[in-house]
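[1] using only what follows, build the 3D model:
(one chain, ligands or ions: 1)
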Amino acid sequence: MARRALVIGGSIAGLFAANALRRVGWDATVFERVGEPLSGRGAGIGTHGELIAALRRLEVPVDDTVGVRVATRICLDRSGRVTHRPPTPQLQSSWGRIYSLLKDALPAASYRPGMALERFEQDASGVTAMFSDGTRERGDLLVGADGIRSTVRELLWPEAQPRYAGYIAWRGMVDESAFPREIHRELFPCYAMCLPEGEMMLTYPVPGRDNDTRPGRRCYNLIWYRPTDYHSTLPELCTDAAGRCHGNSIPPPLLRPEVAARVRSDARALLAPQIAALMELVEPLFFQAIFDLESPRMARGRVALAGDAAFVARPHVGVGVTKAALDAESLARELGAAADVESALDAYDRSRRPFAKGLVARARRLGAYIEARLKPPAERTQSDRQPPPEFLLREIGAISLSRGELMG
Ligand SMILES: Cc1cc2nc3c(=O)[nH]c(=O)nc-3n(C[C@H](O)[C@H](O)[C@H](O)COP(=O)(O)OP(=O)(O)OC[C@H]3O[C@@H](n4cnc5c(N)ncnc54)[C@H](O)[C@@H]3O)c2cc1C
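    Presented below is the predicted three-dimensional model:
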C-alpha cells in the first residue's frame with residue numbers, strides 16, 4: 001500500500017509537495033484551512049527558469065501562457081526620464097496562474113479545503129494530525145507547508161518567529177485595458193524601477209486577473225518598498241475605519257481611504273510621473289509587511305517544513321515560489337531514495353537548509369538600505385548605503401539558482 005503524506009497548507013508549497021510526492025508513489029492529501037477557492041489572491045510574481053523546469057518535471061502543462069515576457073529593464077528618475085536600459089529577459093507570472101496549474105494537476109479528492117490543523121502527534125510508526133473540526137488523520141509523513149505563520153513550525157520550534165525587516169511593500173495591479181496609451185507604450189513592455197532615497201518601486205507586466213496573457217487582457221504589477229516603523233506607523237496603517245487594529249496586516253477592503261490617498265500623494269511627490277499615474281489606477285491597493293524567517297531545521301522525525309513555513313527571504317530575490325518548488329522536489333527525491341522516513345528527512349534538511357539560509361542572507365543584503373532608513377544617520381554603516389541603480393537593476397529578482405548564487 002502507498003505510504004501516506006498529510007500536507008498542511010494548500011497554497012504553492014503544499015501543492016508542489018503533494019504533486020511531487022504523488023510522482024514518487026506516495027498518496028498525498030492536502031489540508032487547507034481556507035474553505036473557499038484561493039485563486040482570488042491576485043499578485044504578480046517574478047519567475048526563474050528553475051521554476052518552469054520544475055513544473056515541467058511534474059508534467060504540468062506549461063506553455064507560453066504561463067506568464068508575460070519582458071526583454072528589458074529600465075530605471076526612471078523622479079522626472080520620468082529613463083536613466084538606464086539594460087537588456088534583461090525575464091518571465092513574470094502570477095500567484096494565481098501557478099496555483100491553478102498545480103491545483104488542476106491534483107485529483108480533486110486530494111485537496112481538502114476548510115481543514116485547519118491544530119496540532120499533531122508523532123510516534124515510531126506514523127503521525128496523527130488533529131484538525132479544528134475534530135477530524136483526525138493518520139499518515140507516514142506530515143509536511144508543514146502552512147506559510148510564514150506556520151502552525152506546524154510553531155509546534156516544533158516556537159522560538160523561530162518571523163522578524164520584521166523594517167519596511168512594507170505596497171502592492172497592486174492595473175488592468176492593461178485601463179492604461180493611458182502613452183504610458184502603455186513606454187512602460188508595459190518593460191520591467192521598470194524607480195529608486196527614491198531609501199525606497200524601491202518595481203513595476204512589470206503579469207497575466208491578467210483571470211490568468212489571461214493575451215495582449216489587452218494582461219495586468220501590470222506594482223510593488224513599492226517603503227520604510228515603516230513597526231510600533232507607530234504599521235499599527236496605524238492596519239487600523240480600519242471603525243478603529244480596530246488588525247495586527248500587522250489588514251484585508252485590502254478595510255484599508256482606510258485616507259491611507260490610500262496618502263500613499264498616492266507620496267507617489268506623486270517621490271516617483272516618476274508615469275508610475276505615480278499608475279498608482280492612481282491600482283485596484284485594490286494593499287500592503288504586506290516584509291519579514292525574514294529562519295527555522296533551526298527543515299524537519300524533525302516524520303515532520304518536514306516546506307516553502308515559507310521553513311524560511312522566508314525578503315522578496316528582492318523573487319524566489320519564494322521557486323524555493324517551494326525545489327523544496328518539494330528535494331523532499332520527494334529523498335523519500336524515494338531512503339529506506340525510512342526519518343533518514344529521508346535528515347537528508348532533506350541537509351540539502352535544503354544551507355540553500356535557504358543563503359537565500360535569506362542575500363535578500364537581507366539587497367534590502368539593507370531600505371531597512372536602514374529607520375536608523376539615525378550616524379548609526380548607518382557602509383552596508384546600509386543605497387546601491388547604485390546599475391547594481392539593483394542587475395540583482396533584484398534576477399539571480400541564477402543553477403550557478404549556486406544563493407549559497408553566499
Ligand atoms: C511583496 C512580495 C512579493 C513577492 N514576490 C515574489 C516573486 O516575485 N517571486 C516569487 O517566487 N515569490 C515572491 N514572493 C513570495 C511568495 O509569494 C511566497 O514565497 C509563496 O507564495 C509562499 O508560498 P507557501 O505555499 O509557502 O505559503 P503561503 O502562500 O503563505 O500558503 C500557506 C497556506 O497554508 C494555509 N494554512 C496556514 N495555516 C494552516 C493550518 N493551520 N492548517 C491548514 N492550512 C493552513 C494558508 O491558508 C495558506 O493557504 C513575494 C512575497 C511578497 C510578500
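[2] for the residue in the stretch 251-400 of the chain that the ligand sits nearest to, give me its contacts.
    Residue nearest to the ligand within the stretch 251-400 of the chain (Cβ to the nearest ligand atom): Gly320, separated by 2.0 Å. C-beta here means a position set from N, CA and C on the backbone, and glycine is covered the same way. By Cβ atoms under 8 Å, 6 or more residues apart in numbering, Gly320 lies in contact with Ile12, Ile45, Gly307, Asp308, Val312, Ala313.
[3] from those, which land in helices?
    Ile12 (DSSP state H).
[4] within reach of the ligand, which of the contacts of Gly320 are there?
    On the criterion Cβ under 6 Å from any ligand atom, Ile12, Ile45, Gly307, Asp308 are the entries of the contacts of Gly320 that sit beside the ligand.
[5] could those residues be laid out in TSV, adding distance to Gly172?
    Listed next are the ones next to the ligand among the contacts of Gly320 as TSV, based on distance: Cβ to Cβ, whole Å:
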residue	distance to Gly172
Ile12	20
Ile45	14
Gly307	24
Asp308	21
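[6] before we move on, back to that, could you find the lowest-pLDDT member of the contacts of Gly320?
    Among the contacts of Gly320, Ile45 has the lowest pLDDT, at 87.
[7] so that one sits against Gly96, correct?
    No - Ile45 is beyond contact range of Gly96, at 9.7 Å (criterion: Cβ atoms under 8 Å).
[8] count of residues packed around Ile148?
    Using other Cβ atoms under 10 Å, Ile148 has 17 neighbouring residues.
[9] do Ala116 as well
    Neighbours of Ala116 (other Cβ under 10 Å): 15.
[10] what separation is there between it and the ligand?
    4 Å (Cβ to the nearest ligand atom, to the nearest Å).
[11] what's near enough to touch that residue?
    Arg33, Phe131, Ser132, Asp133, Thr151.
[12] report the separation between the spatially most central residue of the chain and Val263.
    By Cα atoms, centre = their mean, the chain has its centre lying nearest to Gly320, at 4.5 Å. Distance of Gly320 to Val263, computed by Cβ to Cβ, to the nearest Å: 24 Å.
[13] go on, Phe291?
    20 Å.
[14] repeat that for Ala192.
    Ala192 is 18 Å from Val263, by Cβ to Cβ.
[15] who's more crowded, the two?
    Ala192 (26 against 18).
[16] list phi and psi for the more buried one.
    phi -110, psi 150 (degrees, to the nearest 10).
[17] cool, and Met173?
    phi -130, psi 150.
[18] quick check: phi and psi at the residue nearest to it when sequence neighbours are not counted.
    Spatial nearest neighbour of Met173, excluding adjacent residues (Cβ to Cβ, 6 or more residues apart in numbering): Cys219 at 4.2 Å. Here is the backbone geometry of Cys219 (degrees, to the nearest 10): phi -130, psi 170.
[19] likewise for Glu137?
    phi -130, psi 140.
[20] show me what contacts it?
    Glu137 sits in contact with Leu6, Thr29, Phe31, Thr128, Ala129, Phe131, where contact means Cβ under 8 Å, 6+ apart.
[21] among the residues you listed, which one has the most neighbours?
    Going by other Cβ under 10 Å, Leu6 tops the contacts of Glu137 with 27 neighbours.
[22] okay, and the beta partners of it?
    Thr29, Leu142 (DSSP bridges).
[23] from the ligand, how far off is it?
    10 Å.
[24] burial count for the residue nearest to Ala356 when sequence neighbours are not counted?
    The shortest distance from Ala356 to any non-neighbouring residue, by Cβ to Cβ, 6+ apart, is to Phe311 (3.7 Å). Neighbourhood size, Phe311 [other Cβ under 10 Å]: 26.
[25] list the beta-bridge partners for Phe311.
    Under DSSP bridges, the beta-bridge partners of Phe311 are Glu294.
[26] how about the contacts made by it?
    Leu293, Glu294, Ser295, Lys323, Ala356, Lys357, Leu359, Val360.
[27] go on, Gly247?
    So Gly247 contacts Cys238 (Cβ under 8 Å, 6+ apart).
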